[in-house]
Structure formats: C-alpha cells, structure tokens
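Build me a structure from this.
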Amino acid sequence: MSEGQERTPPRLFVDAPLGAGDEAVLSAEQGHYLRNVLRRVEGDPVILFNGRDGEWRGRIAALGKSRAAAAVETQTRKQAAEPDLWLLFAPIKRGPVDLVAEKATELGVAALVPVITRRTVVGGVNTERLRAIAMESAEQCHRLNVPVVHEARPLTQVLDAWPAGRRLLLCDETGQGRPITQVLAGLDPAAREAPWAVLIGPEGGFDPAELDAIKKRTIVTPVTLGRRLLRAETAAMAALACWQAQVGDWT
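Residues are numbered from 1 along each chain as shown. Have a look, this model is predicted:
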C-alpha cells in the first residue's frame, strides 16, 4: 500500500440503531478483530449496517479490551429489500454446512432453515456458528442485512406450519421434476412476486415415501437440476443461482 493511501474500512454488522451522531457499541469479538487482527486504532473509519437503517460510515470511537464502539457519521446506502427467499436444507457435515451458510448468504437468501428428514444422518446443527458465518459473509458481500438462521426442526413440522402464500421449489434428485430453469422461466407474474423457498434433501436423497408426501402439498413445485447427481451443498448453490437468475434480483 502506497504512502497516504487509505485502507479499505472494515464493514461490521451491529444491532444498534444507526443515525448521524449515534454511537454503536461493538461486540467483544469485533473489538478483538479490529484491534488485534486488522491493527486499527481509534479514529480509523469503519462501515456499519444493522439490517434496518441502511449502511453508514463511521469512525472507531473506543477500542479498549473492555469496550469497543463506533461513532456513526454519514449514510452511504439506504436500506433496500432482499428477495424473500428461504433455503431449507437437511443438515450435513460441518465443512459443507458452513459452505452452505456462507454461499447462501452471498446469494441473497432471507432465511436458512435446517430440516430433519428421514435420512438425515447428522445429529445436530450449531445454529450459533451458522449465524456467525452468515453475519461474516453478509459483511464481506456488502449485503444490507443478515439472513435469519432457524433452529433445526423435523421437515414435517416446518411444512405443517408453512406460511400462506409462500411457494416451495423442491429439488428432486430422482429426476421426476421438470428442468429448474424451464419451470422458473415459465412462472406467471403472481408466482414471480410470491415469496419462495428452495428445499434440498439430505445426503443420499429423500426417503421415497417422504418425497411422495412432499410432492402432494399444493405449495410444492418439483424440479430437477440435471442428469448429474450433485452433493447437497452443490445442489443448494445451483438452485439458488437459478432462482436468482430467473426470478430474483439478478434480473
């Protein structure tokens, strides 16, 4: 970095309200990151967002071991809505599930919903870890909000409590659905405006009886992702990318 060139300000998600003259308290982890990893000092610039008030430029007001805070100065972007898209996925191993949280955040999902299916082999989901990954990914990809990360629940419970009007794109690994891009390109205006969710099955696929029961729900549209058998994390990224390209904010 040449002399006099300003470093790119770190971008941080905060819970505090953001407005000119406000002070946003930073977490202990954020203070450690600024102080010990990035080697920033009081007075250095930061970028702040909270999912409600847009994006703001500020400066580090305090950076001690017991307290870190930023002074909020000027707004750089107004709050804008993300597509109302959920990702339902069966828990998988730690490395791949971390990747799902990171990349799904980059691809604009509004909620990450772990679901337990009949063939789910991973016992639990560390939702706090996924929330931290989603927050870090949102900071890095310049989103204005962070996806909601739900606690893992049985798929049947999630579907029984399904919100009215939300459509569900079922990625059917048996190849019985229509091609995903064909389905999405053919949606009518009302379907394009509706909130959606994408459902990815577990490693090894859905139990046949479970898959048949899912398909009988009126909210469900089965699709295929092609002739190749994809890993669960790959299928999630492929389906989300197709949805964004045909229906979401890539258009």
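
Quick check: chain neighbours aside, which residue is closest to the most centrally placed residue in the chain?
Nearest to the geometric centre of the chain sits T105, at 2.9 Å (C-alpha atoms, centre = their mean). Nearest non-adjacent residue to T105, counting by C-beta to C-beta, 6 or more residues apart in numbering: S137, 3.9 Å away. All C-beta atoms are positioned from the backbone trio N, CA, C, and that covers glycine.

now that neighbour, what's its secondary structure?
In three-state terms, and counting by DSSP: H, G, I helix; E, B strand; the rest coil, S137 is helix.

My understanding was that A20 contacts T76; is that so?
No - using C-beta atoms under 8 Å, A20 is not in contact with T76, being 11.9 Å away.

quick revisit: and the residue nearest to T105, what does it touch?
A101, E102, K103, T105, E106, R143 (C-beta atoms under 8 Å, 6 or more residues apart in numbering).

what are the phi and psi values for the residue nearest to the centre of the chain?
Taking degrees, to the nearest 10, you get phi -60, psi -50 for the backbone angles of T105.

do the same with N126
According to degrees, to the nearest 10, N126 has phi -80, psi 90.

got it, and V220?
phi -90, psi 140.

Tell me which stretches of the chain form helices.
For the chain, the helices defined by DSSP state H cover 28-32, 94-106, 127-141, 155-160, 180-185, 189-193, 208-215, 232-246.

The residue nearest to the centre of the chain and E128, how far apart?
Per C-beta to C-beta, to the nearest Å, T105 is found 15 Å from E128.

now E139
Noted for E139: a distance of 17 Å to E128, by C-beta to C-beta.

L159 now?
From L159 to E128 the distance is 25 Å (C-beta to C-beta).

Between the two, which has more neighbouring residues?
L159 (17 against 9; other C-beta atoms under 10 Å).

need the contact list for the residue lying closest to the more buried one once chain neighbours are set aside.
Nearest residue to L159 in three dimensions, chain neighbours excluded: R217, at 6.4 Å (C-beta to C-beta, 6+ apart). R217 sits next to L159, W162, L168 when contact means C-beta under 8 Å, 6+ apart.

One more: G19?
D53, W56, V72.

ok, of the residues you listed, which one's closest to A236?
D53 (30.3 Å; C-beta to C-beta).

wait, isn't that closest one in contact with L18?
Yes - using C-beta under 8 Å, D53 makes contact with L18 at a distance of 4.1 Å.

list residues touching both of those two?
In contact with both D53 and L18: Q75, using C-beta under 8 Å, 6+ apart.

For the protein, just list every one of the strands.
11-13, 23-26, 45-49, 55-63, 68-77, 85-89, 111-116, 148-149, 153-154, 167-171, 178-179, 196-200, 220-224 (DSSP state E).

want to try JSON lines for the ones you listed, with mean neighbour count, distance to Q244 and mean pLDDT as columns?
Formatted as JSON lines, the strands of the chain follow (neighbours: other C-beta atoms under 10 Å; distance: least, C-beta to C-beta, whole Å; pLDDT from 0 to 100):
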{"stretch": "strand 11-13", "mean neighbour count": "19", "distance to Q244": "22", "mean pLDDT": "97"}
{"stretch": "strand 23-26", "mean neighbour count": "19", "distance to Q244": "31", "mean pLDDT": "96"}
{"stretch": "strand 45-49", "mean neighbour count": "22", "distance to Q244": "21", "mean pLDDT": "98"}
{"stretch": "strand 55-63", "mean neighbour count": "19", "distance to Q244": "21", "mean pLDDT": "97"}
{"stretch": "strand 68-77", "mean neighbour count": "18", "distance to Q244": "20", "mean pLDDT": "97"}
{"stretch": "strand 85-89", "mean neighbour count": "25", "distance to Q244": "8", "mean pLDDT": "97"}
{"stretch": "strand 111-116", "mean neighbour count": "22", "distance to Q244": "15", "mean pLDDT": "95"}
{"stretch": "strand 148-149", "mean neighbour count": "18", "distance to Q244": "18", "mean pLDDT": "96"}
{"stretch": "strand 153-154", "mean neighbour count": "14", "distance to Q244": "26", "mean pLDDT": "94"}
{"stretch": "strand 167-171", "mean neighbour count": "22", "distance to Q244": "12", "mean pLDDT": "96"}
{"stretch": "strand 178-179", "mean neighbour count": "14", "distance to Q244": "17", "mean pLDDT": "94"}
{"stretch": "strand 196-200", "mean neighbour count": "25", "distance to Q244": "10", "mean pLDDT": "97"}
{"stretch": "strand 220-224", "mean neighbour count": "19", "distance to Q244": "15", "mean pLDDT": "95"}
